[in-house]
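*Asks:* got a predicted structure here, sequence first:
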Amino acid sequence: QVQVVESGGGLAQTGGSLRLSCVVSGRPFGGYSCGWFRRRPGTGGREFVAAISWSGASTIYSDSVKGRFTISRDNAKDTVYLEMNSLTPDDTAAYYCAAGRQAKTRADHYTYWGQGTQVTVSS
């Protein structure tokens, strides 16, 4: 059974950093890509943040986080990371990790989702 579990959220100050972790158990598809999405307060949909292929050779970032966030993975630990630097209050959101066959920007390309972890950035 596949499970996706995020951790590492919390409270940060503007300009600060946080590192999110996502453990995907069950190794879906024999090898999976992962995406991070977020839902900001007062919005309905999940906004794409970053994605990484199984090998780690391919990464995608949204324009809003490019240069500040870094996605990486350690397949030996079944874990994907999202290093978030230079945080601003606009980054406040629930962050979700998802696993799918390919690294894509659309949420409907991902099959397995975690429950989310909250990130709050104070000004």
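*Replies:* Ah, there it is.
*Asks:* which ones are touching the nearest residue to residue 25 once chain neighbours are set aside?
*Replies:* Nearest residue to residue 25, sequence neighbours excluded (Cβ to Cβ, 6 or more residues apart in numbering): residue 3, at 4.7 Å. C-betas here are computed from N, CA, C, even on glycine. Residue 3 is in contact with 23-26, 112, counting by Cβ atoms under 8 Å, 6 or more residues apart in numbering.
*Asks:* identify the bridge partners of the residue most central in space within the chain.
*Replies:* In the chain, the centroid-proximal residue (Cα atoms, centre = their mean) is residue 36; its distance is 2.5 Å. Judged by DSSP bridges, the bridge partners of residue 36 are residue 50, residue 97.
*Asks:* any idea how far residue 123 is from it?
*Replies:* For residue 36, the distance to residue 123 equals 23 Å [Cβ to Cβ, to the nearest Å].
*Asks:* same deal with residue 43?
*Replies:* Distance from residue 43 to residue 123, by Cβ to Cβ: 19 Å.
*Asks:* mind listing what's buried along stretch 4-14?
*Replies:* Neighbour-count burial for stretch 4-14, counted by 16 or more other Cβ atoms under 10 Å, picks out 4, 6, 8-9, 12.
*Asks:* in JSON lines: those, plus pLDDT.
*Replies:* Shown next, in JSON lines, are those (pLDDT from 0 to 100):
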{"residue": "4", "pLDDT": "98"}
{"residue": "6", "pLDDT": "98"}
{"residue": "8", "pLDDT": "98"}
{"residue": "9", "pLDDT": "97"}
{"residue": "12", "pLDDT": "98"}
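*Asks:* these in strands, which ones?
*Replies:* 4, 6, 12 (DSSP state E).
*Asks:* shouldn't the last one be in contact with residue 120?
*Replies:* Yep, that's residue 12 we're talking about. Yes: Residue 12 is within contact range of residue 120, at 7.4 Å (criterion: Cβ atoms under 8 Å).
*Asks:* where exactly do the strands run in the protein?
*Replies:* Under DSSP E, the chain gives strands at 3-7, 10-13, 18-25, 33-39, 47-52, 59-61, 69-74, 79-84, 93-100, 110-113, 117-122.
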